[in-house]
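In: below: sequence and its predicted model.
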Amino acid sequence: MEFAYVHENVAAIRLSIEAACAKAGRDPADVRVIAVTKTAPPDIVPALAAAGVRDAAENRWQAAREKLEHQASALLTWHFIGTLQTNKVKYIAPRFDWIHSVDRLELAVALAQAAERAGRTLNVLMQVNVAQESQKHGFAPEICLEAARAIAGMPSLALRGLMTMAPQVDDPELARPVFRALRELRDDVRARLSLAAFDELSMGMSQDYPIAIEEGATMVRIGRRLVNP
């Protein structure tokens, strides 16, 4: 299968990231592009690596298995970004390096136990429901401080930052307050708990990632604009 378009997509995204960083006075090297591969076949894995992408993400274990079994999967760092049930943790913890969707303490405990059994440390992000949307998962902003305190003390977990999903809006500019609120929350929690490595902000997707970058995103999760022709 031909994936020449991946190189073109990556180049276009890099240019838009550079423009957003220039506007915000940031270094483009501080923004990590995470390719969301859920709609793509396993053979896209080597194409992403050849195009210079170093991070990939999946949101369902069933869809991730074939890609993780691909011989080129070791060329990428793998992120799990979807809603995670505790009974699936045993599959996820040994195979993914980052979990973006820690949305409750019960899940954090299960991940810590599974990571310890696997003999590894997982990088985790707390998912925050900044917009308080009833259909979305995540910690409410007002309980993030105490939740972060609890998770930071769990063995085999490295609490690295926060993640959010902005509301689906026609004008990406309308997502800016959500991204700004997550950055401010990250800064507050980091200062209050003296968490030196609590730096990451996973926010922004295909429709709004330049705005997220202007507001401080360190990870942007890009699917259709990257993996589709």
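Out: Perfect, thanks for sending it.

In: starting at the chain centroid, how far to stretch 206-213?
Out: Put simply, stretch 206-213 sits 13 Å off its chain's centre (Cα atoms, centre = their mean, to the nearest Å).

In: state the distance from the closest residue to residue 186 other than its chain neighbours to residue 138.
Out: In space, and not counting its chain neighbours, residue 186 is closest to residue 162: 5.0 Å by Cβ to Cβ, 6 or more residues apart in numbering. Where C-beta positions appear, they are placed from N, C-alpha and C, glycine not excepted. Using Cβ to Cβ, to the nearest Å, residue 162 is found at 9 Å from residue 138.

In: quick one on the thing from earlier: element containing the residue nearest to residue 186, please.
Out: For residue 162, the host element (DSSP states H and E) is strand 157-163.

In: list the strands paired with that strand, with their directions.
Out: In the sheet, strand 157-163 lines up against strand 122-127 (parallel), strand 200-202 (parallel) (DSSP bridges).

In: what is the longest helix seen in the chain packed up against?
Out: Across the chain, the longest stretch assigned as helix under DSSP state H is helix 4-24. Judged by 3 or more Cβ pairs under 8 Å, 6 or more residues apart in numbering; DSSP states H and E, the packing partners of helix 4-24 are strand 32-36, helix 44-50, helix 209-214, helix 224-227.

In: tilt between that helix and strand 32-36?
Out: Helix 4-24 runs at 140 degrees relative to strand 32-36, counting by axes from the mean of the first three to the mean of the last three Cα atoms, to 10 degrees.

In: quick one on the thing from earlier: as a markdown table, the helices and strands packed on helix 4-24 with mean pLDDT and mean neighbour count would be great.
Out: What follows is those, written out as a markdown table (pLDDT from 0 to 100; neighbours: other Cβ atoms under 10 Å):
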| stretch | mean pLDDT | mean neighbour count |
| --- | --- | --- |
| strand 32-36 | 98 | 23 |
| helix 44-50 | 96 | 21 |
| helix 209-214 | 98 | 24 |
| helix 224-227 | 94 | 20 |
